[in-house]
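[1] Below are the sequence and a predicted model; questions follow.
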Protein chains: 2
Amino acid sequence: MPSFTDSERSILPLLPMIYVAWADGELTDAELSALRAALPGDNEALRQWLDPAQPPSAVQLQDLLRRLEDAAAGIAAPEQHGLIDLGLAIAGLSSEAGAWAAARDALRTLEKTLGLYGTAASRRFFPAEATAPTATTLSWSPEAMAVLLDGPRASAKAKVRALLADPFFRHPGEINSAEYRALVLRWCQVLADRGFLDTLLPAAAGGRPDVGGFVATFATLATFDLSLLVKFGVQFGLFGCSILFLGSAEQRRRYLPDIFALRLPGCFAMTERAHGSNVRELETTATYDARRDEFVIDTPHPLAGKEWIGNAAEHGRMATVFAQLSVGGMQHGVHAFLVPIRRADGSPAPRVRITDCGHKMGLNGVDNGRLWFDSVRVPRDSLLSRFATIDDDGQYHSPIASPGRRFFTMLGALVGGRVSVAAASVSVAASALTIAIRYSARRRQFGPEGGPEVEILRYPTHRKRLLPRLAATYALHFAAEDLTTRYARAIEEDADMQEVEALAAGIKALASWHATDTVQTSRECCGGQGYAAVNRFAALKADSDVFSTFEGDNIVLMQLVAKSVLGQFKGRFSDTNPVSIIRNIAEIASGRVSEKNPFITRYTPPHHLRDGGFHSDILAGRTLDLTLAIARGLRRDLDDAEDPFAAFTAWQPAMVALARAHIEHTVHGQFRAVVEACTDPDLAAVLNDLCDLYALSRIEAGCGWFLENGYLTPAKSRAIRAEVTTLCDSLAADAVALVDAFAIPDEAIGAPIAMR
Amino acid sequence: MPSFTDSERSILPLLPMIYVAWADGELTDAELSALRAALPGDNEALRQWLDPAQPPSAVQLQDLLRRLEDAAAGIAAPEQHGLIDLGLAIAGLSSEAGAWAAARDALRTLEKTLGLYGTAASRRFFPAEATAPTATTLSWSPEAMAVLLDGPRASAKAKVRALLADPFFRHPGEINSAEYRALVLRWCQVLADRGFLDTLLPAAAGGRPDVGGFVATFATLATFDLSLLVKFGVQFGLFGCSILFLGSAEQRRRYLPDIFALRLPGCFAMTERAHGSNVRELETTATYDARRDEFVIDTPHPLAGKEWIGNAAEHGRMATVFAQLSVGGMQHGVHAFLVPIRRADGSPAPRVRITDCGHKMGLNGVDNGRLWFDSVRVPRDSLLSRFATIDDDGQYHSPIASPGRRFFTMLGALVGGRVSVAAASVSVAASALTIAIRYSARRRQFGPEGGPEVEILRYPTHRKRLLPRLAATYALHFAAEDLTTRYARAIEEDADMQEVEALAAGIKALASWHATDTVQTSRECCGGQGYAAVNRFAALKADSDVFSTFEGDNIVLMQLVAKSVLGQFKGRFSDTNPVSIIRNIAEIASGRVSEKNPFITRYTPPHHLRDGGFHSDILAGRTLDLTLAIARGLRRDLDDAEDPFAAFTAWQPAMVALARAHIEHTVHGQFRAVVEACTDPDLAAVLNDLCDLYALSRIEAGCGWFLENGYLTPAKSRAIRAEVTTLCDSLAADAVALVDAFAIPDEAIGAPIAMR
């Protein structure tokens, strides 16, 4: 070792520690003095290197590092050496040797006391080794998972994926709204030309449309471009389905073939500027003029203009216009009318005023516009007549007498929009996680002292941000699939939509909020790369933002869900037999008591924390408690309230909490059913982990409520948090395969940081 | 009453209830039967109207409504009538009269039992009254509040506001990146021409720059266009300040006048593709060539290229390039070099490769680019030489020996970037809330039965979404102001930056996350109008998104904050006198015990829940508990850990929780100090409410932890939630004035839905 001076050589075992003490610069002067006092010997070198008043120069320090590196090159890279061990090895001394042996233990203690975190500190003196990416052996088949996720509507999804592989469907990069609108229209035309709407067409001929296939098509398009999604949804879902579900057989025959071939582009004109959520009170009027057997459509004042109407600004020729019908001076509430809004040359129809809603946060490939009507006349058969007709004598008829009930029945017939947005929201979250998880499994940053940098997915903070959201995306995926099946069945059986409606409202709200949250977190997990438009978060974030607003504002939808839960609860007591009422209450109470059994609330062994029955009980208990509290509280507050409206709205935050609790419980139940039905035990095992992670992270998120209400003890709440971490760690190795199973084509993902 | 038949007249008092029962369609057949059974008399009309098998037709029902409305027109609109009361009034019967008197009480009970929520149900039969907007009398002066918010740097803010009133500064609407970049450059030039950087210029002559004024200018610009903000920050803050704080007096004299006049546009080239967060390990090299007395700058491999460099893609002529310095084969760590990157004609300098980062989620008015260097030679005086020099003999010198400490000292000198982003994040949140709160105070949707629709800010869900965020924005505003003052003072006194650095890291992280969250919630609170680009959320959301990433990834910054807290904690024990250690521990323990005193944890009277001392104690207790847990746990896990890196990173989530707890406590303390220092009692009162709302909503958000750790009983946790609601309700009336006090010019807000 010619590179060390004689005096340095006499303190060679200390030099690595001395280097680190100066280089890290984290030791105080007092600590340096303590170090000096504790070290054996007292020669020139020691004074030179440990004098706070005379620190080594930059060059001296770097020179020491280089010489230590050279010396370390001659010995094997240590797995766990401390700095003192390394020094002894460099000095060529065994740890048993000579004067140093006596000091060794004291020095090791010092090493720890000074916070040099001994065991791997010596790595910095050895060149970093490259590590091969961790090869993970999966215990389950990603192909089988993909098949399970695709479910019964796999062929509709496969058809869309095949289409998206066509080079015509590529993310356009920076593009202005005018070009984007034209491109999206061409994309829609390709979908129409290639028969993507054929499954809805039987309806034109009186057959049953395949609405499940339509939702699956829609959800799969959501993995690509959301302007295309919304344009497709406006034309075929909203405009087409308004005629499909509110029109007569004759109206379906007359219009649907042209609509589904995109020969007749149209709009769904319900929302008004002054009435977005409270659409029952919209103000556009349709007055029946018996003399000329026509309806006269009017916008009574500027704020009653239709707003945010997709397809209205540029491409739409006709609109389904929702208006308050008046016949012979009698008000019959909201009805839908087919109103031409453009001439063949594209100019506005007479007495129709159209303006462009202009640039939006996202979805700029969709031409949203505003519509005003100034005594626009349309013939009698413009009234969509499944729920209302005017006879030849000018008399109004409807199978539903109450205007309110009629309006909600009409909305129920259009629930497919919410079902579709729920499913598309899941696709958005799946896209975001596919990008973030693939990137995080490759991107390296920081690492152990002297070692190579590690993949950022190894960091617990990163796992905690991504894995619970992945579990929730699986959970909501199965819930949206189940919802689609129920919706399709209700259409098939022409059944009452009320149950599907409440479920659709709740899953749409939760899934769209989940998408917003997941896109944001995924972007942040990709750092600067997530900000580049090419990596897709820009569009995912801006385009999907409005999902929480359109097809029903989420807060309003949550009220609807809560009312439905309260209604069912009331239903359980509508039986006037006192015995059965008492039985019902006893049932409920016994459920609650067993859940709050002190043994259960304190019980924390892993098998219990991972017991789906426990998850289900505690989630059900929360829903029931919230239901009872609101039912009781509302009744109390409304009795003789001075301002019943204020008394009622005061319960809104509780209603939102109830709705969330109910939907989380429902989603979890659905996920458990999928796990139980899964016949592949390896697949079932990983799905079970995801299902547990979903439940436990929901319980963790709501732990304040569970602690407040005696469902958890503090120790159990902490145990649940620890179990979430354990699950995040164990699922991290499967994370890439779990997003691969979403089977989103690379062409649709588009993000360079996330190619397979 | 000629409009009722004789048989109808015989049941007239029942008709309003009968109408509601059918029209709302919420009663079951069983309930209708019950209603029929309970009603007195049995004539044809009753059979006709209450037969579930023979419901009235739509026309009959609407006709009944019209006749009831006509009849009601003759009597005074009731404040609180039930349906039966209305029916009696229409029938012209006093409630004491005849056969009906006997049935009255039974009927009223029925009304409630059927859930017709009697008291205001009759309103629907009367025309809706318009209500005047609620005029609120403020108890405090908005002007005085604005003065307080502006604080000591009011004149710098006023100067920017005056500039933004110039019609040249207008939101451009849809604009492509090329035009946007050119526009933003022109805006920057106006700022430079009008002397906005003059306060930094004294530094060129060796005086002290007014960095506080610079931060205030920056924060006020953030109320307008964030591309302008970032371009301004890159040119003057990052590029200019790199020379201001890392350069020599000679370098400042030579470059700053041109930089601050925007005659020399430049870049700050630190980030590399492979090293974004872990910049200490960046890979660009600067090798000193003694023979030619030059540095040779190299990008060793493509992924070591500089990335996201603002001003690089188009306008920058020079860059401050961070590179690993090697002198005579010795490595000295990261240093900064001035490197010309473009010729006068705008083409890249020789051996410099430049590409455009392309379209981004937001900030498209800034030309971010990538830089690669292929043996680019720069003279010796290109090294920014405050912290390192090469002498005439080619020898390296630095006042700081350790490369690590030197690097962090350099970063400390550049902490102004984080201080500025913290302040700008608060401006973003303030803009979003100004728009959402003004809109919510005007927008009406839904309302009591038969009454006018109400302002959406009256809904508790809406208040709960906006008011706590408003309180947090006030809290973070004062914290950012205080941070700016501390930063300016540290610069003024040439003091150590460590404390300011930790504070800046924490407030930057919390404020930028708060901005993201507040923009999102505010957008959702504005529904569809929030989605129109013209209403500003599009830009606010997309542009500010990267605030959580640039100037340090928030998660990484939180680790830094936690390490600083742990370091201070360790510092308290560095005194080796055992007595003082015991005293310290006793102090800590007594604080905790008094906080967890069973009396305190159960105590819920309002004056206690609103006691700032209680808030402060509980927030401090959390920080201390988390510190103790991590300090103990880390020590335990690191002793002899097999994988110390994994053992350390396992504590990351806890470190993030500690950092958040610490910063929330700090922010609250700062807010309390502002309240206490406020000499205007009316202002102090509303500020105190906001401060309480901030503290209580933070405690509510963390209630799981507080319950787990015995700081709150369930009853107290619920009481805190109720108190948050009470504060939201009481502050809602002041909300518009509270955002007005941010004094953001209408021109800067831009949103049509939010003009004063």
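    It's in.

[2] which strands and helices sit next to the host helix or strand of A:Val724?
    Using DSSP states H and E, A:Val724 sits within helix A:714-732. Using 3 or more Cβ pairs under 8 Å, 6 or more residues apart in numbering or on different chains; DSSP states H and E as the contact definition, the elements that helix A:714-732 packs against are helix A:460-492, helix A:598-602, helix A:606-609, helix A:681-701, helix A:703-708, helix B:703-708. Quick note: C-beta positions are derived from backbone N, CA and C, even for glycine.

[3] out of those, which comes closest to B:Cys241?
    Closest approach to B:Cys241 among those (Cβ to Cβ): helix A:460-492, 30.3 Å.

[4] follow-up on the earlier one: measure how the helix holding A:Val724 sits relative to helix A:460-492, angle-wise.
    Angle of helix A:714-732 versus helix A:460-492, following axes from the mean of the first three to the mean of the last three Cα atoms, to 10 degrees, is 80 degrees.

[5] Mind listing what's buried along helix A:714-732?
    With burial defined by 16 or more other Cβ atoms under 10 Å in any protein chain shown, the residues of helix A:714-732 counted as buried are A:714, A:716-721, A:723-725, A:727-728, A:731-732.

[6] helices and strands of chain A: which one has the lowest mean pLDDT?
    Taking all helices and strands of chain A together, the one with the lowest average confidence (mean pLDDT, DSSP states H and E) is helix A:578-596, at a mean of 51.

[7] And for the nearest residue to A:Ala192 once chain neighbours are set aside, the neighbour number?
    Ranked by Cβ to Cβ, 6 or more residues apart in numbering or on different chains and with sequence neighbours excluded, the top spatial neighbour of A:Ala192 is A:Leu262, at 4.1 Å. With neighbours defined by other Cβ atoms under 10 Å in any protein chain shown, the count for A:Leu262 comes to 21.

[8] got it, and A:Ala677?
    Residues contacting A:Ala677 under the criterion other Cβ under 10 Å number 9.

[9] Report pLDDT for the residue nearest to A:Ala533 when sequence neighbours are not counted.
    In space, A:Ala533 comes closest to B:His359 once its chain neighbours are excluded; the distance is 3.9 Å by Cβ to Cβ, 6+ apart. Confidence per residue is given as pLDDT, and for B:His359 that number is 97.

[10] Okay, now the unreliable bits of the stretch 51-200 of chain A?
    Applying pLDDT under 70 to the stretch 51-200 of chain A flags the ranges A:77-81, A:93-99, A:101-102, A:110, A:112-120, A:128-136.

[11] Helices of that one, residue ranges please.
    Ranges of helices in the stretch 51-200 of chain A, per DSSP state H, counting those that start in this stretch, are A:58-73, A:83-90, A:98-113, A:142-150, A:154-164, A:177-193.

[12] now swap in the stretch 351-500 of chain A and tell me
    Counting by DSSP H, counting those that start in this stretch, the stretch 351-500 of chain A forms helices over residues A:403-413, A:416-440, A:460-492, A:498-525, given from the N-terminal end onward.

[13] Assumed A:Tyr288 was part of a strand.
    Yes - assigned with DSSP: H, G, I helix; E, B strand; the rest coil, A:Tyr288 falls within a strand.

[14] how far away is the nearest residue to it once chain neighbours are set aside from A:Arg405?
    With Cβ to Cβ, 6+ apart as the measure, A:Val327 is the residue that lies nearest to A:Tyr288, at 4.4 Å, once sequence neighbours are left out. Using Cβ to Cβ, to the nearest Å, one obtains 18 Å as the distance from A:Val327 to A:Arg405.

[15] Domain map for chain A?
    The domain map for chain A lists A:6-125, A:166-414, A:418-754, with the assignment taken from automatic domain parsing.

[16] among those domains, which gets the worst mean confidence?
    Of all the domains of chain A, domain A:6-125 carries the lowest average pLDDT, namely a mean of 74.

[17] measure that domain end to end?
    Distance across domain A:6-125, first residue to last, is 21 Å (Cα to Cα, to the nearest Å).

[18] Could you report the neighbour count for the closest residue to A:Ser33 other than its chain neighbours?
    The shortest distance from A:Ser33 to any residue that is not its chain neighbour, by Cβ to Cβ, 6+ apart, is 6.8 Å, and that residue is A:Pro52. Burial of A:Pro52, expressed as a neighbour count using other Cβ under 10 Å, amounts to 13.

[19] Likewise for A:Asp374?
    Residues contacting A:Asp374 under the criterion other Cβ under 10 Å number 12.

[20] So which residues on the stretch 151-300 of chain A come close to chain B?
    Selection of the stretch 151-300 of chain A residues close to chain B by Cβ under 8 Å from any Cβ of the partner chain yields A:173-174, A:176-177, A:271, A:274-278, A:281.

[21] and which of the residues you listed is nearest to B:Arg104?
    Closest approach between these and B:Arg104, by Cβ to Cβ: A:Glu281, at 33.0 Å.

[22] which residues does A:Glu8 contact?
    A:15, A:45 (Cβ atoms under 8 Å, 6 or more residues apart in numbering or on different chains).

[23] picking up where we left off before, want to try JSON lines for the helices and strands packed on helix A:714-732, with distance to A:Asp298 as columns?
    As requested, these are exported to JSON lines (distance: least, Cβ to Cβ, whole Å):
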{"stretch": "helix A:460-492", "distance to A:Asp298": "34"}
{"stretch": "helix A:598-602", "distance to A:Asp298": "62"}
{"stretch": "helix A:606-609", "distance to A:Asp298": "63"}
{"stretch": "helix A:681-701", "distance to A:Asp298": "49"}
{"stretch": "helix A:703-708", "distance to A:Asp298": "50"}
{"stretch": "helix B:703-708", "distance to A:Asp298": "53"}
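
[24] Which one of these lies nearest to B:Ala741?
    Each of the helices and strands packed on helix A:714-732 was checked against B:Ala741 via Cβ to Cβ, and the shortest separation belongs to helix B:703-708, namely 30.2 Å.

[25] by contact count, what packs against that closest one?
    In this structure, helix B:703-708 packs against helix A:703-708, helix A:714-732, helix B:612-638, helix B:714-732, with contacts taken as 3+ Cβ pairs under 8 Å, 6+ apart.

[26] name the helices or strands packed onto the one helix or strand A:Gly213 maps to?
    Secondary structure assignment for A:Gly213, by DSSP H and E: helix A:211-221. In this structure, helix A:211-221 packs against helix A:154-164, helix A:226-232, helix A:416-440, helix A:460-492, with contacts taken as 3+ Cβ pairs under 8 Å, 6+ apart.

[27] List the contacts of the first one.
    Helix A:154-164 is contacted from outside by A:147, A:150, A:169, A:190-191, A:194, A:196, A:199, A:212-214, A:216-217, A:219-221, A:223-224, A:743, A:745, A:747-748, using Cβ under 8 Å, 6+ apart.

[28] Show me which positions of it end up buried.
    Result for helix A:154-164 [16+ other Cβ under 10 Å]: buried residues A:156-157, A:159-161, A:163-164.

[29] This completes my enquiry, with thanks.
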